[in-house]
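> Give me the fold of what follows.
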Amino acid sequence: MTTSRTTRLLMAGAAFVALSGPAWALDGQDLLAKINAAYAAGSGVLKAEAVEVNGNDVLLKGTTFTATGPDEKSIKLGDLTLQDVTEEDGGAYHVDRIEFPEINVTEDKGSFSVKDLYLAGVTVPGSTAAQGLASMMLYEEAHSGPLSVIADGKPIFSVSEASATMELADDESSLSFEASISGIKADLTVTDDPKSKETIEALGLQQLDGEITLSGSWEPASGALEVEDYTFDFANVGSLSLSFALSGYTMDLVKQLQETARTMQADPKNEQAQQAAGIAMFGLMQQMSFTSAHIRFDDAGITKRGLDFAGKQQGTSGEQMAEMVKGMVPILLAQAKLGALQNEVSTAVNTFIDKPGNLIVAAEPEKEVPFPMIMGAAMGAPETVPSLLGVKVTANEE
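Below you'll find the predicted structure:
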């Protein structure tokens, strides 16, 4: 009797598992729908001819990504395998890795290719109406291998590698990010315009070789956005580094800006609608405040070549052109009404031109300045803006 009862229990358990299996299996269509719901904020749609589930993997067959907007274009991605997918609380999904097939696009006499594409640690929100970062689709790493653009059989642009990472704080209150694009090469000799060719050759810009790096953090609740470093560094040209900090860039503001952008894209030919949306976006931006900003340029030869070229165009030497620029700067600054900053800028420019090293513009107000206050000062009393933002200009600092 005991054996019979045990057998019945085992059979009932097996039947329960069999019947409940489909209910607990991954819903590939739901996953795709939630990916598109998250992408809708960025104006894109991912379509698949078929969706297949195999254990914890989801195969999207014959996928196409379409970036919506006035110039709507679609890219065929082929079959995508979303590896080790798990469903989390609130209907969200976590995808361990998404590998993309190599992309090759050929149009007319040109072609574009990129390979070694993947996303890792992707979180798909259960609802875009959720609070904070839980409403956004995030990834731990995005990667691209070699990228190449060819025109008329000649390589004109390429990238060795690009990568980006995101990291959530333990309490999920903030997000830090880093990105880099290395091995950037561009051939500017392909232009057919004679004047452009002359300028490119005089400035030594026939072949560009450089990299781009970015790092920063964001706290959606407080709206504190800080770009710690955004650098463009090109050999024989120079390095341009930017950093800035804002407040008021909250999740609510982000969603409002996205909604306004979608409105503008929905009817691009309606001028009145575009103007209304533009005014609305301008109004939304006024919810933010300025905290600080730094711009630094480190010369690597482009300044002297630029002065030599400008001098040649005026029938003089680079040295004489440098003196002309130094003489013109105070006149131009007087027209700009920069107030007490005028002498500081003139001194910095003179120092830089005499011996090109670095030129730095820093804005560090004592406390945050609301954007409406900055705009009001710019329209009513432009000479007060530098002191309002705490602007300083220096040259050739260590």
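> switch to C-alpha atoms for all contacts and neighbour counts from now on
Noted.
> Now do the same contact list for the closest residue to Ser247 other than its chain neighbours.
Distances taken as C-alpha to C-alpha, 6 or more residues apart in numbering put Ala224 closest to Ser247, at 4.3 Å, once the chain neighbours are dropped. If you count contacts by C-alpha atoms under 8 Å, 6 or more residues apart in numbering, Ala224 has them with Trp218, Ala245, Leu246, Ser247, Gly248, Tyr249, Thr250.
> can I get the CA coordinates of the lengthiest strand in the chain in PDB?
Using DSSP state E, we find that the single longest strand of the chain is strand 73-87. Provided in PDB are the C-alpha atoms of strand 73-87 (Å, rounded to 0.1, in the frame of the first residue of the first chain):
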ATOM      1  CA  LYS A  73      16.700  53.200 -42.300                       C
ATOM      2  CA  SER A  74      16.900  49.500 -41.600                       C
ATOM      3  CA  ILE A  75      19.900  47.200 -41.000                       C
ATOM      4  CA  LYS A  76      19.600  43.500 -41.400                       C
ATOM      5  CA  LEU A  77      21.300  41.800 -38.400                       C
ATOM      6  CA  GLY A  78      20.500  38.200 -39.200                       C
ATOM      7  CA  ASP A  79      20.000  35.600 -36.500                       C
ATOM      8  CA  LEU A  80      20.600  36.800 -32.900                       C
ATOM      9  CA  THR A  81      21.100  34.400 -30.000                       C
ATOM     10  CA  LEU A  82      20.300  35.800 -26.600                       C
ATOM     11  CA  GLN A  83      22.300  33.600 -24.300                       C
ATOM     12  CA  ASP A  84      21.400  32.500 -20.700                       C
ATOM     13  CA  VAL A  85      18.200  34.500 -20.300                       C
ATOM     14  CA  THR A  86      16.600  34.700 -16.900                       C
ATOM     15  CA  GLU A  87      13.300  36.300 -15.900                       C
END
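> strands paired with that strand, and their directions?
Using DSSP bridges, strand 73-87 pairs in its sheet with strand 57-67 (antiparallel), strand 93-100 (antiparallel).
> what's the farthest-apart pair in the contacts of Ala224?
Using C-alpha to C-alpha, the contacts of Ala224 reach their maximum pairwise distance at Ala245 and Thr250, which is 13.3 Å.
> before we move on, the earlier item: so which of the strands paired with strand 73-87 comes closest to Thr231?
Of the strands paired with strand 73-87, the one closest to Thr231 (C-alpha to C-alpha) turns out to be strand 57-67, at 27.4 Å.
> and Glu344, how many neighbours?
12 (other C-alpha atoms under 10 Å).
> Please give the element, helix or strand, for it.
Following DSSP states H and E, the helix or strand that holds Glu344 is helix 341-354.
> And that helix, what does it pack against?
Helices and strands touching helix 341-354, by 3 or more C-alpha pairs under 8 Å, 6 or more residues apart in numbering; DSSP states H and E, are helix 318-336, strand 358-363, strand 391-395.
> contacting residues around stretch 133-144?
35, 38-39, 114-129, 161-167, 172-173, 220, 251.
> Select only the buried ones of the residues you listed in PyMOL?
PyMOL command restricting the contacts of stretch 133-144 to the buried ones, with burial defined by 16 or more other C-alpha atoms under 10 Å:
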select buried, resi 35+38+39+114+115+117+118+119+120+121+122+123+124+125+126+127+128+161+162+163+164+165+166+167+220+251
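> Next SSE downstream of the helix or strand Glu198 falls within?
Using DSSP H and E, Glu198 falls within helix 194-202. Next helix or strand after helix 194-202 toward the C-terminus (DSSP H and E): strand 207-219.
> on contacts alone, who are the packing partners of that next one?
Against strand 207-219 (3+ C-alpha pairs under 8 Å, 6+ apart) you get strand 175-187, strand 224-234.
> can you list these in TSV and add distance to Asp152 and mean pLDDT?
TSV is the format used below for those (distance: least, C-alpha to C-alpha, whole Å; pLDDT from 0 to 100):
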stretch	distance to Asp152	mean pLDDT
strand 175-187	13	96
strand 224-234	26	97
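> quick one: which of the contacts of stretch 133-144 sit in helices?
Members of those lying in helices (criterion: DSSP state H): Ile35, Ala38, Tyr39, Met251.
> Distance check, the closest residue in space to the last one that isn't next to it in sequence against Lys326.
The reference is to Met251. Leaving aside its sequence neighbours, Met251 sits nearest to Pro220 (C-alpha to C-alpha, 6+ apart; 5.2 Å). Pro220 sits 45 Å away from Lys326, going by C-alpha to C-alpha, to the nearest Å.
> swap in Glu366?
From Glu366 to Lys326 the distance is 31 Å (C-alpha to C-alpha).
> quick one, what contacts Asp308?
Per C-alpha under 8 Å, 6+ apart, neighbours of Asp308: Ser317, Gly318, Glu319, Met321.
> if we go to 7 Å?
Ser317, Gly318 (C-alpha atoms under 7 Å, 6 or more residues apart in numbering).
> related to what we said a few turns ago, please determine how far the residue nearest to Ser247 is located from Glu366.
Distance from Ala224 to Glu366, by C-alpha to C-alpha: 17 Å.
> Bridged to Asn54, which residues?
Counting by DSSP bridges, the residues bridging with Asn54 are Asp57.
> so how many other residues sit close to it?
Neighbour tally, Asn54, other C-alpha under 10 Å: 12.
> Can you classify Val45 by secondary structure?
strand (DSSP: H, G, I helix; E, B strand; the rest coil).
> Who are the contact partners of the nearest residue to it once chain neighbours are set aside?
Of all residues not flanking Val45 in the chain, Thr66 sits nearest, at 5.2 Å (C-alpha to C-alpha, 6+ apart). Going by C-alpha under 7 Å, 6+ apart, Thr66 touches Gly44, Val45, Leu46, Glu72, Lys73, Ser74, Ile75.
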